[in-house]
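A.B. asks: need a 3D model of the following:
(one chain, ligands or ions: 1)
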Amino acid sequence: MERHSLTKGKDEADSGGMGKKYYIAGNWKMHKTRAEAAALAKELVQALKDGKHKYLIAPSFTLLETAAPLVKGTNIRLGAQNCAPEEQGAHTGEVSVLQLKELGVQTIILGHSERRHNYKEDDALINKKVHLALKHGFEVILCVGELLEEREAGKAEAVCERQTTEGLKGVAATELDRIVIAYEPVWAIGTGKTATPEDADSIHACIRKVFGKLYGAAAAEKLIIQYGGSVKADNVVALMAKENIDGALVGGAALKAETFVPIAKF
Ligand code: PEP
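C.D. replies: Below is the predicted model of the structure:
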């Protein structure tokens, strides 16, 4: 996926003047039964079938088999929220990329702040998962973002630079079309506090610069950077209007069609 190809040509003509195609993803976290997941997936397929953007839902592992046939062949991608750092073996409680592949998963979210901070995943572990996911053909959404105390200490850019650089260590230029970065300031996740569009854009610009140092200006220009952190229908327009914001990773508001669809179709 190329940022340019999402922003030019037919998409531009079709997008009602917004001139840009965005990547809007819903992270369902550890919510929903299979019946609830099926109902939401069906509602989204119907509501977003004429949507102009790129879409993804990431249900829990146990819901993937339910959601897969419902989104297959639609404009909604199927994502997983994590994967094991190994292909298979004695790893009780883990889920392998091979198992995700078999279920039709196309994208894996890695390095989410809840994985980093609640489950102590470090950059090295996340990098190992990134490589494994890429090796098996998945698109990766690599999440980065600072804690409140890191922001208050003026370290937001440094944290995002480190998480981006370490998370992508060893990733080849040929794999970059399957890399998406999600900037999710930890203090804005599930709190109702959103980064101002200006603050978010400035960190996105910093991430793009870091990416440019690693892979060159052309690759940086194509990179899709989503913003995540209490995205809602009433703030999505202002956030997406910013030059360096190319989509959204949505948590709480992704759990109901009535809150996700207005974001997805902004
Ligand atoms: C998330 O968990 O990725 C997220 C952004 O959550 P919320 O939208 O609820 O802040």
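
A.B. asks: what residues does the chain put near the ligand?
C.D. replies: The chain comes close to the ligand at residues 27, 184, 189-190, 228-231, 249-253, as judged by CB under 6 Å from any ligand atom. Backbone N, C-alpha and C define where each C-beta goes, glycine included.

A.B. asks: could I get those as JSON lines with pLDDT and neighbour count?
C.D. replies: Converted to JSON lines, those look like this (pLDDT from 0 to 100; neighbours: other CB atoms under 10 Å):
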{"residue": "Asn27", "pLDDT": "98", "neighbour count": "26"}
{"residue": "Glu184", "pLDDT": "97", "neighbour count": "28"}
{"residue": "Ile189", "pLDDT": "91", "neighbour count": "20"}
{"residue": "Gly190", "pLDDT": "87", "neighbour count": "13"}
{"residue": "Gly228", "pLDDT": "97", "neighbour count": "27"}
{"residue": "Gly229", "pLDDT": "96", "neighbour count": "27"}
{"residue": "Ser230", "pLDDT": "94", "neighbour count": "20"}
{"residue": "Val231", "pLDDT": "96", "neighbour count": "29"}
{"residue": "Leu249", "pLDDT": "98", "neighbour count": "28"}
{"residue": "Val250", "pLDDT": "98", "neighbour count": "27"}
{"residue": "Gly251", "pLDDT": "97", "neighbour count": "22"}
{"residue": "Gly252", "pLDDT": "97", "neighbour count": "19"}
{"residue": "Ala253", "pLDDT": "98", "neighbour count": "20"}
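
A.B. asks: my read is that Ala188 contacts Ser230, right?
C.D. replies: Yes: in this structure, Ala188 is within contact of Ser230 by CB atoms under 8 Å, at 5.3 Å.

A.B. asks: need the overlap of contacts for those two.
C.D. replies: Thr194 (CB atoms under 8 Å, 6 or more residues apart in numbering).

A.B. asks: which of the residues of the chain next to the ligand sits closest to the ligand?
C.D. replies: Relative to the ligand, the closest of those is Gly251; by CB to the nearest ligand atom it sits at 2.1 Å.

A.B. asks: all good on my end, thank you.
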